[in-house]
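[1] Compute the structure for the input listed below.
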Amino acid sequence: FLFIIFQTILTLIAFLFLIKSMKKNNIPSLVIAFSVIFIGGSSIISSYVIAAIKDTIGACFVLIYNILLLSIIVDGDKFFKNITQQIFFAFSLLIILLIKSNSLFIVGVSSFSLLIYLFKKSREWMKKMIIVLLVPIGIFFVYDKVILPYFEVTGTNKKESYSIPFMQISRLAHNNETAITEEDQEIIDKVLSYSAVKNSYDPELADGVKNTFKKDATDEEFNDFWKVYFKYLKKYPRVYVAGFVNSTYAYIYPDAGETKGLLEIDYRIGEKTKFKLVNLTEFSDFRLIMECFDEIKTDLPIFSLFNHVAYYDWFLLLSMILVIIKKRYKYLIPMMSLFAIFVSSMISPVNGSFRYILAIVFCMPLILSIDLIMLKEKK
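    Alright, predicted model coming up:
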């Protein structure tokens, strides 16, 4: 309960900061009003705000981080004279590094783009930004590489990074068992349980495959696995392409993937412990009304778009294309971290999950603001 209260307040602060930024950049009042309606009326946002998972906090700080990136682009002189904003920027970056598993990719792409821009704009600004970036990155590496290993806290498993290749080799084993020799099956079995992989393949969900990963596999066994993987890539490229497409298409195909927020209670804590959560009967009518309201929104002409994962991805991609066409490349910088999230979602274990692109959903009004600021400046 206390966590949800904290998360709700944090989300409100992030969106208030967004609205303040929009007003500061003279975004039309109608657009701001529409953004407020979107934020308040989105079943995706509301359901994740009351979900006890790290993705919501991560999305909030990605939003704050990108708002500050935009402020650097729009008025760098004011930003670099404001110590509070620089501390806020460093803190948001640190939280992203600590929370999101793909944080180095997100921060690396956007920070590198920012430094290139500042190098051309002002060497003095670039030097200050290097210091601002080094502090949170340094703290993160001390925490991740020194403190956690000292207390014997293990990192994430290798399986989290290899969903796509695991799914591709699994698809081949499942659809064309005779294609893989017995010798190669034994090599695969040292990294993934071959019999389980063959029977557990689900083209849109990698969990059944990657959960058979044997974490005790040696580097040599892993190297042998990659040799087998690339061997069959040459022989069956179409199977591998189909495996990738079937695992990712919902992120770019509108009529697929999740279409609602989190409507189910997941009460798992670890592998064995369980909480007993019960919906109170006193509120059953109210819950039914809210579910019906969500169903109505799903069928409305405009609101229905907000219930599809691919809509948010395409809005981001088309906005980036617009920036490139208009040759206002500096406005790509606040979008680069979101693009990194989109790329990461394409190699995620779940096809078309809002959880993996939640930061893009939170940043929708910001993306629209960037488009309007850019078009107004160009004009």
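
[2] and Arg287, how many residues sit next to it?
    By the measure other CB atoms under 10 Å, the count of residues near Arg287 is 12. C-betas here are computed from N, CA, C, even on glycine.

[3] And stretch 324-342, what's buried?
    328, 330-342 (16 or more other CB atoms under 10 Å).

[4] can you check stretch 303-320 too?
    For stretch 303-320, burial by neighbour count (16+ other CB under 10 Å) applies to 303, 306-317, 319-320.

[5] same check, this time on stretch 77-88
    Going by 16+ other CB under 10 Å, stretch 77-88 has these buried residues: 79-80, 85-86, 88.

[6] Greatest separation within those residues: which pair is it?
    Greatest spacing in the buried residues of stretch 77-88, by CB to CB: Phe80 and Phe88 (13.2 Å).

[7] coming back round to it: of the buried residues of stretch 303-320, just say which sits nearest to Ser35.
    Checking the buried residues of stretch 303-320 against Ser35 by CB to CB gives Phe306 as the nearest, at 12.1 Å.

[8] does that closest one count as helix, strand or coil?
    When classified by DSSP: H, G, I helix; E, B strand; the rest coil, Phe306 comes out as helix.

[9] Also Lys215?
    Under three-state DSSP, Lys215 comes out as coil.

[10] what do you get for the one 10 residues further on?
    Three-state secondary structure (criterion: three-state DSSP) places Phe225 in helix.

[11] The nearest residue to it once chain neighbours are set aside and Asn307, how far apart?
    Counting by CB to CB, 6 or more residues apart in numbering, Val191 is the residue found nearest to Phe225 once chain neighbours are left out, at 4.4 Å. Applying CB to CB, to the nearest Å, the value for Val191 to Asn307 is 38 Å.

[12] ditto for Gly257
    Taken as CB to CB, the span from Gly257 to Asn307 is 10 Å.

[13] tell me the two of the buried residues of stretch 324-342 that are most distant?
    Within those, two members stand farthest from each other by CB to CB: Arg328 and Ile341, at 21.8 Å.

[14] Next secondary structure element downstream of the host helix or strand of Ile13?
    Counting by DSSP states H and E, the element that carries Ile13 is helix 2-24. Going down the chain from helix 2-24, the next helix or strand is helix 29-41, by DSSP H and E.

[15] what comes into contact with the helix or strand just after that following helix?
    Later in the chain than helix 29-41, the nearest helix or strand by DSSP H and E is helix 43-49. By CB atoms under 8 Å, 6 or more residues apart in numbering, the surrounding residues in contact with helix 43-49 are 4, 7-8, 11, 39-40, 55-56, 59, 260-263, 294, 297, 306-307, 354-355, 358, 361-362.

[16] Which among those residues count as buried?
    7, 11, 39, 55-56, 59, 260-262, 294, 297, 306-307, 354-355, 358, 361-362.

[17] Where strands are concerned, which of these count?
    With strands defined by DSSP state E, no entry of the buried ones among the contacts of helix 43-49 lies inside them.

[18] Next step: these restricted to helices.
    7, 11, 39, 55-56, 59, 294, 297, 358, 361-362 (DSSP state H).

[19] and of those residues, the nearest to Glu182?
    Distance to Glu182 across these (CB to CB) is lowest for Asp55, with 42.2 Å.

[20] Now do the same contact list for that closest one.
    Asp55 is in contact with 48, 355-356, 358, counting by CB under 8 Å, 6+ apart.

[21] Quick one: the helices in the stretch 151-300 of the chain, in order.
    All helices of the stretch 151-300 of the chain, identified by DSSP state H, counting those that start in this stretch, fall at 163-175, 182-189, 194-200, 207-210, 219-235, 237-248, 284-299.

[22] So what's the gap between the shortest one and the chain middle?
    Put plainly, it is helix 207-210. Distance of helix 207-210 from the chain centroid (CA atoms, centre = their mean, to the nearest Å) equals 20 Å.

[23] Just the closest of the buried residues of stretch 324-342 to Lys121, please.
    Nearest to Lys121 among the buried residues of stretch 324-342, with distances taken as CB to CB, is Lys330, at 8.4 Å.

[24] Quick check: that closest one vs Val74, distance?
    Distance, Lys330 to Val74, by CB to CB: 9 Å.

[25] picking up where we left off before, pull the most distant pair out of the buried residues of stretch 303-320.
    Distance extremes for these: the farthest pair is Phe303 and Met320 at 24.5 Å, using CB to CB.

[26] returning to what we had before: farthest-apart pair in the ones in helices among the buried ones among the contacts of helix 43-49, please.
    Farthest-apart pair in those is Gln7 and Lys297; separation 22.9 Å (CB to CB).

[27] tell me the average confidence for stretch 174-189?
    For stretch 174-189, the mean pLDDT works out to 87.

[28] Please save the CA atoms from it in PDB.
    Extracted in PDB, the C-alpha atoms of stretch 174-189 (Å, rounded to 0.1, in the frame of the first residue of the first chain):
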ATOM      1  CA  HIS A 174      10.000 -27.700 -32.900                       C
ATOM      2  CA  ASN A 175       9.000 -27.400 -36.600                       C
ATOM      3  CA  ASN A 176      11.700 -29.500 -38.200                       C
ATOM      4  CA  GLU A 177      13.100 -31.900 -35.700                       C
ATOM      5  CA  THR A 178      15.100 -34.000 -38.200                       C
ATOM      6  CA  ALA A 179      17.000 -30.900 -39.300                       C
ATOM      7  CA  ILE A 180      19.200 -30.900 -36.200                       C
ATOM      8  CA  THR A 181      21.700 -33.800 -35.900                       C
ATOM      9  CA  GLU A 182      21.900 -35.800 -32.700                       C
ATOM     10  CA  GLU A 183      25.400 -34.500 -32.100                       C
ATOM     11  CA  ASP A 184      24.200 -30.900 -32.300                       C
ATOM     12  CA  GLN A 185      21.200 -31.700 -30.100                       C
ATOM     13  CA  GLU A 186      23.600 -32.800 -27.400                       C
ATOM     14  CA  ILE A 187      25.500 -29.500 -27.700                       C
ATOM     15  CA  ILE A 188      22.200 -27.500 -27.500                       C
ATOM     16  CA  ASP A 189      21.100 -29.700 -24.500                       C
END
